[in-house]
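>>> Structure of the sequence below:
(chains A and B)
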Amino acid sequence: MDLSATLKNTEGEKRQFFWRVMIASAGILVLVSILIGRLAQLQAVQHDYFVTRADDNRMRLKIVAGVRGLIHDRNGVLLAQNLPAYRLELTPEQIPDLDDTLQRLGELVHIGEHDIARYKERTRRSPPFQSSALRLRLDPTEVARLEVDRLNFPGVAVTAGLTRSYPLGSSAAHVVGYVGGITAADLDRTPNREDYRGATHIGKTGIERQYESLLHGAPGSKLVEANAAGRSLRELEYTRPTPGRDLVLSIDALLQTAIETEFAGRRGAAVALEVATGEVLALVSLPTYDPHLFVDGISHKNYGELINDADQPLFNRATQGRYPPGSTVKPFMALAGLEHDTVATHTKIHCPGFFQLPDKERKHRDWKRRGHGHVDLNRAIAESCDVYFYDLAHRLGIDHIHAFLAKFGLGESTGLDLPGEGSGLLPSREWKRATRNESWFPGETVNVGIGQGFLGTTPMQLAQITARLALRGRGYRPHLLRATRDALKGTTEARKSQQLEPVSLRAPSDWAAVHQAMVAVVHAAYGTARRVGLDSGFEIAGKTGTAQVSGLSQEDDEAPQLEDVPEQLRDHSLFIAYAPADAPRVAVAVIVEHSGSGSAVAAPIARRILDLALRTPDV
Amino acid sequence: MFESPTASSSGNASIFTRLHLDGTLLLLLITVAGLGLLTLYSASGESLPTVIAQAQRMALGLAAMVIIAQCPPEWFRTLAPWAFLAGTAMLVAVPVLGESSKGAQRWLDLGVVRFQPAEIMKFAVPLTLAAFLHNRALPPRFLHVLVCAALLGIPTVLIARQPDLGTSLLVACAGAFALYFAGLRWRWIFGLAGLAAAAAPLLWFNMHAYQKQRVLTLLNPASDPIGAGYHITQSKIAIGSGGWFGKGWLKGTQARLDFLPEANTDFIFAVYAEEAGLAGVLLLLSLYVLIVARGLFIAVRGQDTFARLVVGSLSLTFFVYVFVNIGMVAGLLPVVGVPLPLMSFGGTSMVTLLASFGLIMSIHTHRRLLAT
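Purely as a prediction, here's the structure:
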């Protein structure tokens, strides 16, 4: 070892060390250059890209849903509003174990299977770090329980929001409709899909669906700075949401609820129109249902009960029901007969109590077994003589009947602003050929003559053709929306009524003849509805109808007693009317299912509707 | 460039010389550590207790530096082999007696202090090698190289098995630098480099799964966006979004909104780069380069072999820390737990680094009139 020490060359070693340091320094410079190059690449070259990435990290866009528009009746009564409600919201990214959290939450508040299913559906559609609702309406006890245990539930929040409420409950439910949770199918039929970011509800039926685009408004947004844990620290930008427009409907809520009461638990429908505008004053379909059941998502049990209910409460009888109009069609048949010179005003026909087609055995019975004797047009309508109209229809023929009734709009929907309106059925030779591949039989024309057989009308159509009768052929498209209102500016925009192509007659005096006959129905001593006309403060023009559900009474000699017939086979009771007769303002159509004659049941209800509707001068 | 503006190298009147300190180094070290405290204040979310804790460790480190600087270098030459033996013994003891932390056994609790024996080896290995080569003829002969390889290899393997690949490589570097400065022949250097390259696959198969993952993640951070790749991705976003002049002190969103993990410790450079920008990064790199340059200058002026090898090796090792940390944070190197010298929050690193500069100052200021 000492040998090496003696051989130590200090100067050479120092020189070598110096060079090694120089080489190391060169290496350091190379490595530092690599670092600088890399950092310049990140900070200068790719700077913009990383700024975007950093902003994506910290900025979160939160959607603020616009407040849904309110729905009022014509007098300002609220039909649909938004009430504060506590929601249970979960942010998936902040929940360590979703199943465990759901299980523990279930011990504090009620969480059903469908709540979880819907929550998962909502989560799928919402962007990351956006909370989704598990329950939409917590009761105060549940809110309190959650608040106490709050620390044990990271990512779970109770937030205050709004929920849709219908102050009148089941009243007018078929008109107003309801909102419900958005489904993929709802989004597909929505033109302004973008507006549904952050939205939970959408109009499903009725006005809520018809005017969804007006009611919904547009969402605003809140750009917030959030930390890595997703907690919002400050607001960077705020875009106000646009609230939906408030709607003013032509419905009179007082009238609507009064009519519903008047039905006294019976099934049926009633429509009241303002003749001068086509505004719908009341649209009743009974039985009805509680729209609130649908707002937070209906349970399978409740939905099953509604669907399987034999009375079909969800079915809008007023716009979708198809009823034989019965004798209420007679004024229109009379007009058709006059127009085609099949009858003249003073032509008298003998009614023996039945009608037989030439060379046919079958007797078409009159409701009055003894017959009406010799009747002219006025008496035929006022007494509702069937034989007169059997004869008229037979001679007029189905082609003329079809063409004439089509001018009034039968056989097609009225164009009312409600989804799913039915069109009734106005039969014709072509229709029968196309649907049944059969030719038209003369006996079928005879049945149509008294509003039976294939003829089917919706209560809405009945009200509409009555209104056109009142206006002597003129008419307006029936509508429910009267005006829309901008909630922020307070400005109101009225909806104009849309006039329809008038029905014109060769001899305008024919209108008067039928009109007088209809006044006679209510006010003449021989009128079928004379009882409702006795004490009325104004003149009413009307027509009773008793629509046969079964063919029994037509064939049998013996008319069975009402009580002896099973309910579902009893006749429908109908009444159409307009009043005041000399200057018509309101037209009504009432149908009460399976309850007997039109004069006994439907006419008093119609009278009551007219009383209420005409009492207020504003109508 | 290497001339100190405050302490004249020939100075006999300078206060620094009398205190056995090097003014240039001291100024540079305090500047970097000061930048570190400012950055830490921001990275910790303006937590004054954190900054005070770090400042206390800095004071402790400066005290250690001053004390060590007073000791004559011969003491360290004499003590080095014993420190080496003690350190090796403790490394052997760690698997038996040590405590686990984050899945690796690195800590040894001696009752009074709880520390990582691997830290000792960062000094002990280069000092022991320098001491061994001090009286030997240089460039070292084959036999001596073999001895050095053993002195270097044993602790490296022991540390790597803890497992702490990062520290073991740094210890190996420190020893290798001593050999390099001793004049190890180039053919051996290249030969060893070739051998290391050939052994790389062997190393790969002996790596733990998480270590492999880190290497893979480096190559493709997107492959593991929420695991190890998250660190690199967020760090690059922090650095890149800083731009030329940074977002401003206390205004870095990545760190302050907790997107950047380990912002106080291993990834503090990203915080600095985000807030100070490329301009600030160039300033900091310049400061580090000046520290290394001053160290190498002192090494060149070293009066004996031990002095030159120790100072040269410690200076280069310091640079390796800087390079590995910034390289890792900038996504150039795999994620290894190497703190950024003088900046990262943590006591061990701060105290040992300042102590090593105390050693450099001791060597620089205990000059004999006649060089050997």
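
>>> quick one, what contacts the residue of the stretch 401-550 of chain A found nearest chain B?
Nearest to chain B in the stretch 401-550 of chain A, going by Cβ to the nearest Cβ, is A:Leu488, at a distance of 35.4 Å. Any C-beta I mention is one placed from the backbone N, CA and C, and that applies to glycine too. By Cβ atoms under 8 Å, 6 or more residues apart in numbering or on different chains, the contact list for A:Leu488 reads A:Pro243.

>>> do the same with A:Ala494
By Cβ under 8 Å, 6+ apart, the neighbours of A:Ala494 are A:Arg482, A:Ala483.

>>> From A:Leu254, how far out is it?
For A:Ala494, the distance to A:Leu254 equals 22 Å [Cβ to Cβ, to the nearest Å].

>>> buried sites along stretch A:82-99?
By neighbour count on 16 or more other Cβ atoms under 10 Å in any protein chain shown, the buried set for stretch A:82-99 is A:Asn82, A:Ala85, A:Tyr86, A:Arg87, A:Leu88, A:Glu89, A:Leu90, A:Thr91, A:Pro92, A:Gln94, A:Ile95.

>>> Give me the three-state assignment for the closest residue to A:Arg531 other than its chain neighbours.
Nearest residue to A:Arg531, sequence neighbours excluded (Cβ to Cβ, 6 or more residues apart in numbering or on different chains): A:Ser599, at 6.8 Å. Going by DSSP: H, G, I helix; E, B strand; the rest coil, the secondary structure assigned to A:Ser599 is helix.

>>> quick one: the helices in the stretch 151-300 of chain A?
Using DSSP state H, counting those that start in this stretch, the helices of the stretch 151-300 of chain A run over A:173-176, A:184-188, A:206-210, A:212-216, A:253-262, A:292-295, A:300-308.

>>> Quick one: low-confidence residue ranges for the stretch 1-150 of chain B.
Within the stretch 1-150 of chain B, the segments meeting pLDDT under 70 span B:1-13, B:97-115.

>>> OK, now which residue of it is nearest to chain A?
Per Cβ to the nearest Cβ, B:Ala137 is where the stretch 1-150 of chain B lies closest to chain A, at 4.3 Å.

>>> again, but for the stretch 101-250 of chain B
Counting by Cβ to the nearest Cβ, the stretch 101-250 of chain B gets nearest to chain A through B:Gly240 (2.7 Å).

>>> number of nearby residues for that residue?
Counted with other Cβ atoms under 10 Å in any protein chain shown, residues neighbouring B:Gly240 total 29.

>>> and if you look at B:Ser14?
Counted with other Cβ under 10 Å, B:Ser14 comes out at 18.

>>> roughly how far out does stretch A:176-195 sit from the chain middle?
Remark: stretch A:176-195 is offset 13 Å from the chain centroid, using Cα atoms, centre = their mean, to the nearest Å.

>>> contacting residues around it?
Taking Cβ under 8 Å, 6+ apart as the rule, stretch A:176-195 contacts A:66, A:68, A:71, A:79-80, A:118, A:121-122, A:164, A:166, A:168, A:196, A:199-210, A:212-213, A:216-219, A:249, A:291-292, A:294-298.

>>> near chain B, which of those residues show up?
Near chain B, taking Cβ under 8 Å from any Cβ of the partner chain as the test, no member of the contacts of stretch A:176-195 is found.

>>> Going through the residues you listed, which ones are buried?
A:66, A:68, A:71, A:79-80, A:118, A:122, A:164, A:166, A:168, A:196, A:199-210, A:212, A:216-219, A:249, A:291-292, A:294-298.

>>> Spatially, which residue comes closest to residue 316, not counting chain neighbours?
I'll assume chain A. Leaving aside its sequence neighbours, A:Asn316 sits nearest to A:His174 (Cβ to Cβ, 6+ apart; 4.3 Å).

>>> think we crossed wires, I meant chain B
Nearest one to B:Leu316, counting by Cβ to Cβ, 6+ apart, is B:Phe177 at 4.5 Å.

>>> thought that neighbour was touching B:Pro126?
Yes. Under the criterion of Cβ atoms under 8 Å, B:Phe177 makes contact with B:Pro126 at 6.8 Å.

>>> Quickly list what's touching both of the two.
With Cβ under 8 Å, 6+ apart as the test, B:Phe177 and B:Pro126 both reach B:Ser313, B:Thr317.

>>> The two: which is more packed in?
Set side by side, B:Phe177 and B:Pro126 show more neighbours around B:Pro126, with 31 against 23, by other Cβ under 10 Å.

>>> could you list every residue that touches that one?
Taking Cβ under 8 Å, 6+ apart, we find B:Pro126 in contact with B:Ala174, B:Gly175, B:Phe177, B:Ala178, B:Leu309, B:Val310, B:Ser313, B:Leu314, B:Thr317.

>>> so which strand or helix has the closest residue to B:Tyr272 other than its chain neighbours?
Once flanking residues are discounted, B:Tyr272 sits nearest to B:Thr39: 4.6 Å by Cβ to Cβ, 6+ apart. Under the criterion of DSSP states H and E, B:Thr39 resides in helix B:23-43.

>>> Check which helices and strands that helix sits against.
Packing contacts for helix B:23-43, counted by 3 or more Cβ pairs under 8 Å, 6 or more residues apart in numbering or on different chains; DSSP states H and E, involve helix B:48-70, helix B:253-256, helix B:268-300, helix B:347-365.

>>> mind saving the C-alpha coords of the first one as PDB?
Provided in PDB are the C-alpha atoms of helix B:48-70 (Å, rounded to 0.1, in the frame of the first residue of the first chain):
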ATOM      1  CA  LEU B  48     -48.000  29.700   8.100                       C
ATOM      2  CA  PRO B  49     -47.300  26.700  10.500                       C
ATOM      3  CA  THR B  50     -46.000  24.700   7.600                       C
ATOM      4  CA  VAL B  51     -43.700  27.500   6.600                       C
ATOM      5  CA  ILE B  52     -42.500  28.000  10.100                       C
ATOM      6  CA  ALA B  53     -41.800  24.300  10.600                       C
ATOM      7  CA  GLN B  54     -39.800  24.300   7.400                       C
ATOM      8  CA  ALA B  55     -38.000  27.500   8.400                       C
ATOM      9  CA  GLN B  56     -37.100  25.800  11.700                       C
ATOM     10  CA  ARG B  57     -35.600  22.800   9.800                       C
ATOM     11  CA  MET B  58     -33.700  25.300   7.600                       C
ATOM     12  CA  ALA B  59     -32.300  26.900  10.700                       C
ATOM     13  CA  LEU B  60     -31.400  23.500  12.100                       C
ATOM     14  CA  GLY B  61     -29.700  22.700   8.800                       C
ATOM     15  CA  LEU B  62     -27.800  26.000   8.800                       C
ATOM     16  CA  ALA B  63     -26.700  25.300  12.300                       C
ATOM     17  CA  ALA B  64     -25.500  21.800  11.300                       C
ATOM     18  CA  MET B  65     -23.700  23.400   8.400                       C
ATOM     19  CA  VAL B  66     -21.900  26.000  10.500                       C
ATOM     20  CA  ILE B  67     -20.900  23.400  13.100                       C
ATOM     21  CA  ILE B  68     -19.600  20.900  10.500                       C
ATOM     22  CA  ALA B  69     -17.800  23.700   8.700                       C
ATOM     23  CA  GLN B  70     -15.700  24.300  11.900                       C
END
